[in-house]
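Enquirer: give me a 3D structure for the following:
(one chain, ligands or ions: 1)
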Amino acid sequence: MSDETNRTCTPGADAPQELNEAAVPKPGSALLVVPRGTMPPKHLSDFTASERRARVESMGMKGFRADQLSRQWFGRLNDRPDTWTDIPAADREKLAEALAPSLLTPIRTLSCDDGQTVKTVWRLFDGALVESVLMRYPSRVTMCISSQAGCGMNCPFCATGQGGLRRNLSTAEIVEQVMAGARALARDEIEGGPGRVSNIVFMGMGEPLVNYGRMVSAIERLTSAAPEGLGMSARGITVSTVGLVPRMNDLARSGHPVTLAVSLHAPDDELRSELVPLNKHYNVRQVLDAAWNYADVTGRRISIEYALIRDINDQAWRADLLGDLLRGHLVHVNLIPLNPTPGSKWTASDPRVEREFVRRLEAKGVAVTVRDTRGRDIEGACGQLAASAL
Ligand code: SAH
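Expert: Next comes the predicted model:
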């Protein structure tokens, strides 16, 4: 780690009562039922432009005040009501209270890679903790965001899965992770000068397709032109899934040309059912068929995520089998050296084994890259988000 800053740390005393308890899946199984927890107060990021207007009118204000608020929030990235000078002072507080309640409280910020990777631990209204990571590269800024508090998928190599699932995040709780990063960049608070968020990956905590409706609304807010939304390109957004087939098909039909990443991790059902318990419901063939359907409908290349785990899924024959399953499709493999999680018996593959795995995939004509390990030192890399960094 090059540098660690603990900029804000206010845990403890004023923590709200814990409203929502985590549900822990049975060993070796995925949890398909989401606990019905209390959700946070509504926020303008939950609403479309016309819903915001209706809301504001129901408060006895002119509908166009909603547009002014949206312009401040999404257009100017301004979350400070006292500086919304185009709105009468008396209305600013009313609008902020009704439509911009504070949803995410930063309780810890960790940075590494010379300040170009920043992980934030957020506390939600009910005390649940989630994390997001901002990664700055020479030509882009990628934010890795959470879609659930915890996760019910129970993949044994992933830190998030070990604590079970507390609840889905609201649309605004998802969107506001990005807005916080966008504001920090605009205000020149991230090393490297002012900037913008160009890419988003739903690879933080949670299984985004289990929280499908809110995830799609979040994508709509992020891609709608300002002042309705942040005006990002859907092509800069990647949704990562363990393979919830019906929702993969829904996403293909949704008309949002986002990139779909599939966490495969094994080409054979026997091992995949161990590494990704949802495989017992939707097997390798069904998941890949849904992925190819996604590529057909959207024209977008599928990204296959494969965490290389020493002596578990890194054998030459598995590379060959994976190559045979993927060859000829619109696909690209992202190999992720396993980030060991606390207490895990598994570790990353030997570099020579990794190189051989790459070589065998390439020999089948399959495009492959090895994921960088940004954020590893601050437990902000893939699979390390556990919100236990207090
Ligand atoms: N639930 C979704 C998104 C969150 S995880 C999914 O599983 O796709 C984002 C990626 O990190 C997934 O590909 C996941 O399998 C991978 N991952 C999880 N734990 C990891 C670990 N310890 N090391 C490397 N990658 C990991």
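Enquirer: near the ligand, which residues of the chain? Just list them.
Expert: 153, 157-158, 203, 207, 240-242, 263, 305, 307, 336, 338-339, 341, 382-383 (C-beta under 6 Å from any ligand atom). Any C-beta I mention is one placed from the backbone N, CA and C, and that applies to glycine too.
Enquirer: wait, Leu322 sits on Glu305?
Expert: No: Leu322 lies out of contact with Glu305 (C-beta atoms under 8 Å); the separation is 11.9 Å.
Enquirer: what about the two, which has more around it?
Expert: Just comparing Leu322 and Glu305: by other C-beta atoms under 10 Å the higher neighbour count belongs to Leu322, 25 against 19.
Enquirer: give me the secondary structure label for the closest residue to the more buried one other than its chain neighbours.
Expert: Leaving out its chain neighbours, the residue that sits closest to Leu322 by C-beta to C-beta, 6 or more residues apart in numbering is Pro267, at 4.2 Å. Recorded secondary structure, Pro267: coil (DSSP: H, G, I helix; E, B strand; the rest coil).
Enquirer: identify the residues contacting Pro267.
Expert: Val284, Arg318, Leu321, Leu322, Leu325 (C-beta atoms under 8 Å, 6 or more residues apart in numbering).
Enquirer: tell me the two of those residues that are most distant?
Expert: Using C-beta to C-beta, the two most remote members of those are Val284 and Arg318, lying 11.6 Å apart.
Enquirer: joint contacts of the two?
Expert: With C-beta under 8 Å, 6+ apart, Val284 and Arg318 have common neighbours Ala266, Pro267, Asp268.
Enquirer: make JSON lines out of those and add pLDDT.
Expert: Output for those, formatted as JSON lines (pLDDT from 0 to 100):
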{"residue": "Ala266", "pLDDT": "98"}
{"residue": "Pro267", "pLDDT": "98"}
{"residue": "Asp268", "pLDDT": "98"}
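Enquirer: from the residues you listed, which single one is nearest Arg80?
Expert: Once C-beta to C-beta is applied, the member of these that ends up nearest Arg80 is Ala266, at 49.1 Å.
Enquirer: gap between the closest one and the ligand?
Expert: 11 Å (C-beta to the nearest ligand atom, to the nearest Å).
Enquirer: tell me who's in contact with that residue.
Expert: Arg272, Glu274, Leu275, Val276, Val284, Asn313, Arg318.
Enquirer: what residues are up against the fifth one?
Expert: In this case it means Val284. So Val284 contacts Leu264, Ala266, Pro267, Asp268, Asp269, Arg272, Leu325 (C-beta under 8 Å, 6+ apart).
Enquirer: give the buried subset of those residues as a ChimeraX selection command.
Expert: Burial among those is assessed by 16 or more other C-beta atoms under 10 Å; the matching ChimeraX selection reads:
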select :264,266,267,268,272,325
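Enquirer: what's the mean pLDDT across stretch 219-233?
Expert: Taken as a whole, stretch 219-233 has a mean pLDDT of 97.
Enquirer: tell me the buried residues in that stretch?
Expert: Quick answer for stretch 219-233 (16+ other C-beta under 10 Å): Ile219, Glu220, Arg221, Leu222, Thr223, Ser224, Pro227, Glu228, Gly229, Leu230, Met232.
Enquirer: and that stretch, how far from the chain's centre?
Expert: Stretch 219-233 sits 17 Å away from the centroid of its parent chain (C-alpha atoms, centre = their mean, to the nearest Å).
Enquirer: part of a strand, is Leu134?
Expert: Yes: counting by three-state DSSP, Leu134 is part of a strand.
Enquirer: where along the stretch 151-300 of the chain do the strands fall?
Expert: 165-168, 199-202, 237-241, 259-263 (DSSP state E, counting those that start in this stretch).
Enquirer: and the helices in the protein?
Expert: 49-58, 64-70, 89-99, 171-186, 212-223, 245-253, 269-275, 284-298, 316-326, 351-363 (DSSP state H).
Enquirer: what domains does the record give for this structure?
Expert: 44-99, 105-378 (automatic domain parsing).
Enquirer: how long is stretch 21-30 end to end?
Expert: Stretch 21-30 has an end-to-end distance of 17 Å (criterion: C-alpha to C-alpha, to the nearest Å).
Enquirer: what's it in contact with?
Expert: Under C-beta under 8 Å, 6+ apart, the answer for stretch 21-30 is 31, 33, 35, 37, 150, 152-154, 163-166, 242, 274, 277-278, 280-281.
Enquirer: swap in 10 Å and give it another go.
Expert: By C-beta atoms under 10 Å, 6 or more residues apart in numbering, the surrounding residues in contact with stretch 21-30 are 31-35, 37, 128, 149-156, 161-167, 207, 210, 242, 244, 273-274, 276-282.
Enquirer: narrow the residues you listed to just the buried residues.
Expert: Using 16+ other C-beta under 10 Å, the buried ones in the contacts of stretch 21-30 are 31, 34-35, 37, 128, 149-156, 161-167, 207, 210, 242, 244, 273-274, 276-279, 282.
Enquirer: list the contacts for Ser349?
Expert: Here Ser349 is in contact with 307-315, 335, 337-338, 355-357 (C-beta under 10 Å, 6+ apart).
Enquirer: quick one: it from the ligand, how far?
Expert: Relative to the ligand, and taking C-beta to the nearest ligand atom, Ser349 is found at 11 Å.
Enquirer: per-residue pLDDT of that residue, please?
Expert: 96.
Enquirer: just Thr259 next, same as before
Expert: 98.
Enquirer: residues contacting it?
Expert: Thr259 neighbours (C-beta under 10 Å, 6+ apart): 199, 201, 234-240, 294, 298, 300-303, 332.
Enquirer: and those, which two are furthest apart?
Expert: Most distant of these, by C-beta to C-beta, are Asn199 and Tyr294, 18.9 Å apart.
Enquirer: more neighbours: which of the two?
Expert: Of the pair Asn199 and Tyr294, Tyr294 is the one with more neighbours under other C-beta under 10 Å, namely 24 against 18.
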